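In: My questions concern the predicted model and sequence given below.
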Amino acid sequence: MDGVVNLIELPLPTLVVLGMGYVGYRVAYSGHDGPHGPADILFLSLVFAAVTKACLVVFGEGAVGLIVSIMASLGAAVVWRMFGAPWSYASFRWAGISDHDRGRSVWESMLMRRLKPPTRLVIWLKDGGRLMCSDLEPFYGAPMGPCMFGPDGSVGLYITDVWEAGDSEWTELSPFDPEKPNWGYNMTIVPASEIARVQVRRPV
């Protein structure tokens with residue numbers, strides 16, 4: 001507790017540098033931080049803290065400098081997330097250095113990549129059944145998006161077809177009840193422990 005009190009008592013510009021360093025890290029790597037250890041978090045936060053500090057040096061520690069430094073740190077984080085990281089991975093693959101993005105599994109790497117929305121999703125269950133959303137495009141505007149992939153391997157989808165264990169063909173379902181439009185779409189969450197295989201189709 002004493003450490004927190006000591007931090008709060010630091011000068012405002014110092015707090016802004018420290019705070020924006022961590023905020024910048026969270027913006028740049030939110031959802032992509034699974035492989036990061038304490039050293040990664042520390043030094044990546046320092047990168048965005050350095051951007052904040054540089055702006056304070058240039059623009060001063062007054063109100064203008066604080067605002068500019070905060071915006072610059074957030075801007076650097078967004079630019080890295082949207083363009084820098086994908087470009088660096090593509091450059092490493094092109095140069096033959098590495099095609100690994102530090103994801104601990106193919107599933108995690110898929111979650112980390114910037115990909116176009118999936119168009120079809122099929123789940124094979126361990127009990128022999130299957131669940132499918134044959135066309136995800138009609139659900140792009142749904143509250144939770146067309147589907148959800150959890151970092152633990154769970155999947156959320158709007159089921160349009162089901163194949164029960166022992167069946168010989170798909171049975172169509174409707175995740176939307178036209179007689180109760182206010183109810184919205186019915187998303188099914190499938191725990192990772194029940195999934196044997198997932199097939200995701202994405203456009204090129």
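Out: In hand now; what should we look at?

In: can you pull out the helices in this structure?
Out: Residue ranges of the helices in the chain, as given by DSSP state H, are 2-8, 12-29, 38-59, 63-79, 85-95, 106-112.

In: most packed of those?
Out: The highest average neighbour count among those, using mean count of other Cβ atoms under 10 Å, belongs to helix 12-29 at a mean of 19. Where C-beta positions appear, they are placed from N, C-alpha and C, glycine not excepted.

In: quick one: that one to chain centroid distance?
Out: 20 Å (Cα atoms, centre = their mean, to the nearest Å).

In: Identify the residues contacting it?
Out: With Cβ atoms under 8 Å, 6 or more residues apart in numbering as the test, helix 12-29 has contacts from 7-8, 10, 36, 41, 44-53, 56, 61, 65-66, 69-70, 73-74, 76-78, 80-81, 85.

In: can you give me the angle it makes with helix 63-79?
Out: 20 degrees (axes from the mean of the first three to the mean of the last three Cα atoms, to 10 degrees).

In: So for the spatially most central residue of the chain, what's the nearest residue that isn't a sequence neighbour?
Out: In the chain, the residue lying closest to the centroid (Cα atoms, centre = their mean) is residue 31, at 3.9 Å. Nearest residue to residue 31 in three dimensions, chain neighbours excluded: residue 111, at 6.6 Å (Cβ to Cβ, 6 or more residues apart in numbering).

In: Any regions of this protein where pLDDT drops low?
Out: Scanning the chain for pLDDT under 70 picks out 1-5, 99-103.

In: Can you give me the domain boundaries for it?
Out: Domain assignment of the chain by automatic domain parsing yields the ranges 2-95, 115-201.

In: Start and end of the shortest one, how far apart?
Out: Spelled out, it's domain 115-201. One end of domain 115-201 to the other measures 11 Å (Cα to Cα, to the nearest Å).

In: In contact with the nearest residue to residue 167 once chain neighbours are set aside, which residues are there?
Out: With sequence-adjacent residues excluded and distances taken as Cβ to Cβ, 6+ apart, residue 167 is closest to residue 129, at 8.0 Å. When contacts are counted by Cβ under 8 Å, 6+ apart, residue 129 touches 162-165, 167.

In: likewise residue 164?
Out: 129, 171.

In: ok, back up a step: just checking, the residue nearest to the centre of the chain touches residue 110?
Out: No - with contacts counted by Cβ atoms under 8 Å, residue 31 stays clear of residue 110, the gap being 11.7 Å.

In: Can you report how many residues lie near the residue lying closest to residue 104 once chain neighbours are set aside?
Out: Leaving aside its sequence neighbours, residue 104 sits nearest to residue 35 (Cβ to Cβ, 6+ apart; 5.8 Å). The number of residues packed near residue 35 is 13, by other Cβ atoms under 10 Å.

In: Look up how far residue 29 lies from residue 35.
Out: Counting by Cβ to Cβ, to the nearest Å, the separation of residue 35 from residue 29 is 10 Å.

In: cool, and residue 194?
Out: 30 Å.

In: One more: residue 120?
Out: 29 Å.
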